[in-house]
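Colleague: Give me a model of this one.
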Amino acid sequence: MEEILIISNYYPPEKGAAANRIEQLALKLHQHNYKVSVVCPLGNYPKGELFPEYKGKFSVTENRDNITVKRLWIYPSVSKNILVRLVSILSFSLSLFCYLVFKKTPKKVIVQSPPLLLSFIAVLVLSLKNKKVILNVSDLWPLAAIELDALKEGSLSHKISLFFERYIYQKASLVLGQSNEIIAHIKTIAPDKECHLYRNYPDHQVTQMELKTVENQPIKIFYAGLLGVAQGVLELCEKIDLNGLNIELHLFGDGAEKNQIEALILAQKESKIFFHGMMERKALHNTLKTFDIAIVPLKTRIYGSVPSKIFEYGALGFPILYFGGGEGETIVSENELGWVANVENFADLNKKLVEISKLNKADLVIVKQRIFDTAQTTFHLDNQIVDLIAKKVF
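Modeller: Presented below is the predicted three-dimensional model:
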């Protein structure tokens, strides 16, 4: 059985798309007869504090569904203080560096990027050890950081990040990119680099749609995921107009904007926005069975970014209300997955909501089944993995 190592900054029981994505990759490779191990930090995300089972420990080795998970020390933080966040990043970077230098690693290693510093350290050590480095790029940094105003263009941090970016693209053996935009960008830096499209498809293993349409209730639109700056859920709650519409907005998740969102909802009289907190993935999917439409927002159009929620909820049969621009907009439109509102244009979003409110539940049943059938054939993780194995990527 061939061995392969995955290096990631996130892994369950941590929450969020990044952790789920890496777990699905690990499990799918295991199903195809790879002996898979994962190196990641001690569980702490998204709250920025160690989970109870990891407190007081320097490292932990676990077996999760036949995947060996090695968790290394980190000083966790989601502080807005740049110095504190830097200490947190450097802590796991040091742990990872020592691990890769002194521990035996398989010949093939998948490195998740971003975070950029971690992927730089991993690619640096692994390339010196002559390993096959498969760089899995899910977002373009530092470009995304500039677009989110998290990094100032031309600053020292920006210049260092650009150096890291060039290095990992040039030194990686090959690159997996989650979007065509990512691959196009990488080709501008490393024109001859072998690149493959690797979409963040889910692996629900559901062969029949399980959604239930409830009559005589408002249309329930939901957002489930991180409540961070990039998603812009707080601004969505502030500017969405549900007055007079047969629509409710339900929010599931956790993150930096959580407290502000809860305060906003409490301050509103007769609010049509409901906050449910964070739920385990299986419990969430079970709860969502009686909901109607998934909204996928981004605060700004981020080049290269394709939110995995498009595939995640499309595969369950949910129509998508997409509000993020970029390649995700093209995917929703071309596959007829729902509605597209122009990114950052709340007037356009509210116009789409008026259209949606005019639908009856019988219409939604037909739409859900069509989207489920489309996702079954188009967004298929196993077919994607089989194709990449045949191309000798892994």
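Colleague: Which pLDDT does the model give the residue positioned nearest the centre of the chain?
Modeller: The chain has Ala17 as the residue nearest its centroid, 3.3 Å off, counting by CA atoms, centre = their mean. We have a pLDDT of 78 for Ala17.
Colleague: That one reaches Lys309, doesn't it?
Modeller: Yes - judged on CB atoms under 8 Å, Ala17 makes contact with Lys309 at a distance of 7.0 Å. From N, CA and C alone the C-beta is placed, and that goes for glycine too.
Colleague: Now list whatever residues contact both of those two.
Modeller: Gly225 (CB atoms under 8 Å, 6 or more residues apart in numbering).
Colleague: Wait, a helix at Ala263?
Modeller: Yes - Ala263 forms part of a helix when assessed by DSSP: H, G, I helix; E, B strand; the rest coil.
Colleague: burial of it, as a residue count?
Modeller: Ala263 has 10 neighbouring residues, counting by other CB atoms under 10 Å.
Colleague: so how many other residues sit close to the residue nearest to Lys28 when sequence neighbours are not counted?
Modeller: Nearest residue to Lys28, sequence neighbours excluded (CB to CB, 6 or more residues apart in numbering): Ile385, at 4.9 Å. Ile385 has 21 neighbouring residues, counting by other CB under 10 Å.
Colleague: Same check on Thr374?
Modeller: Thr374 has 16 neighbours, counted by other CB under 10 Å.
Colleague: Apart from its neighbours in sequence, what residue is nearest it?
Modeller: In space, and not counting its chain neighbours, Thr374 is closest to Asn335: 5.7 Å by CB to CB, 6+ apart.
Colleague: quick one: Leu5 and Leu176, what's the gap?
Modeller: Counting by CB to CB, to the nearest Å, the gap from Leu5 to Leu176 is 15 Å.
Colleague: Please apply the same query to Arg199.
Modeller: Taken as CB to CB, the span from Arg199 to Leu176 is 10 Å.
Colleague: More neighbours: those two, which one.
Modeller: Shown here are Arg199 and Leu176; by other CB under 10 Å, Leu176 has more neighbours (25 against 18).
Colleague: Give me the helices and strands touching the one helix or strand that one maps to, please.
Modeller: Leu176 is located in strand 174-177, with elements delineated by DSSP states H and E. When contacts are defined as 3 or more CB pairs under 8 Å, 6 or more residues apart in numbering; DSSP states H and E, strand 174-177 sits against strand 132-137, helix 180-189, strand 195-197.
Colleague: and the ones you listed, which is most packed in?
Modeller: Of the helices and strands packed on strand 174-177, the one with the most neighbours on average (mean count of other CB atoms under 10 Å) is strand 132-137, at a mean of 23.
Colleague: I'd like the next helix or strand past that strand.
Modeller: helix 143-147.
Colleague: Which secondary structure elements does that following helix sit against?
Modeller: Helix 143-147 makes packing contacts with helix 156-171 when contacts are defined by 3+ CB pairs under 8 Å, 6+ apart.
Colleague: in the helix it packs on, what's buried?
Modeller: Ser161, Phe164, Glu165, Tyr167, Ile168, Tyr169, Lys171 (16 or more other CB atoms under 10 Å).
Colleague: after the lowest-mean-pLDDT helix or strand in the chain comes which helix or strand?
Modeller: Least confident helix or strand, the chain: helix 281-287 with a mean of 85, by mean pLDDT, DSSP states H and E. Sequence-wise, the next helix or strand downstream of helix 281-287 (DSSP H and E) is strand 293-297.
Colleague: Pairing partners for that next one, with directions?
Modeller: strand 219-226 (parallel), strand 320-323 (parallel) (DSSP bridges).
Colleague: Next secondary structure element downstream of the last one?
Modeller: This points to strand 320-323. As assigned by DSSP H and E, the chain's next helix or strand after strand 320-323 is helix 326-334.
Colleague: Check which residues of that next one are buried.
Modeller: For helix 326-334, the neighbour count (16+ other CB under 10 Å) marks Gly326, Glu327, Gly328, Glu329, Thr330, Ile331, Val332 as buried.
Colleague: Pick out whichever of the residues you listed sits closest to Ser59.
Modeller: Distance to Ser59, by CB to CB, is smallest for Gly328 among these, at 37.2 Å.
Colleague: Please name the residues that touch that closest one.
Modeller: Val296, Leu298, Ser305, Val306, Pro307, Ile310, Tyr322.
Colleague: And the pLDDT for the second one?
Modeller: Meaning Leu298. Looking at Leu298, its pLDDT is 89.
Colleague: Switch the helices and strands packed on strand 174-177 over to a markdown table; also include mean pLDDT and distance to Ile247.
Modeller: A markdown table is the format used below for these (pLDDT from 0 to 100; distance: least, CB to CB, whole Å):
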| stretch | mean pLDDT | distance to Ile247 |
| --- | --- | --- |
| strand 132-137 | 98 | 36 |
| helix 180-189 | 96 | 32 |
| strand 195-197 | 97 | 35 |
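Colleague: To Asn350, which of those lies closest?
Modeller: Among those, if distance is taken as CB to CB, the winner is helix 180-189, at 27.9 Å.
Colleague: can you tell me the distance between the two ends of stretch 68-78?
Modeller: 27 Å (CA to CA, to the nearest Å).
Colleague: which residues of the chain fall in helices?
Modeller: Assigned by DSSP state H, the helices in the chain fall at 17-31, 82-102, 116-128, 143-147, 156-171, 180-189, 233-239, 258-267, 281-287, 309-314, 326-334, 346-357, 361-378, 381-390.
Colleague: just those helices: most buried one?
Modeller: Stretch with highest mean neighbour count among the helices of the chain: helix 309-314 (a mean of 26; mean count of other CB under 10 Å).
Colleague: separation between the residue lying closest to Asn342 once chain neighbours are set aside and Val296?
Modeller: The shortest distance from Asn342 to any non-neighbouring residue, by CB to CB, 6+ apart, is to Asp348 (4.6 Å). Distance, Asp348 to Val296, by CB to CB: 15 Å.
Colleague: what two of the contacts of Gly328 are the furthest from one another?
Modeller: Farthest apart among these by CB to CB are Ser305 and Tyr322. That separation is 12.1 Å.
Colleague: So for those two, which sits in the more crowded spot?
Modeller: More neighbours surround Tyr322 than the other of Ser305 and Tyr322, with 28 against 25 (other CB under 10 Å).
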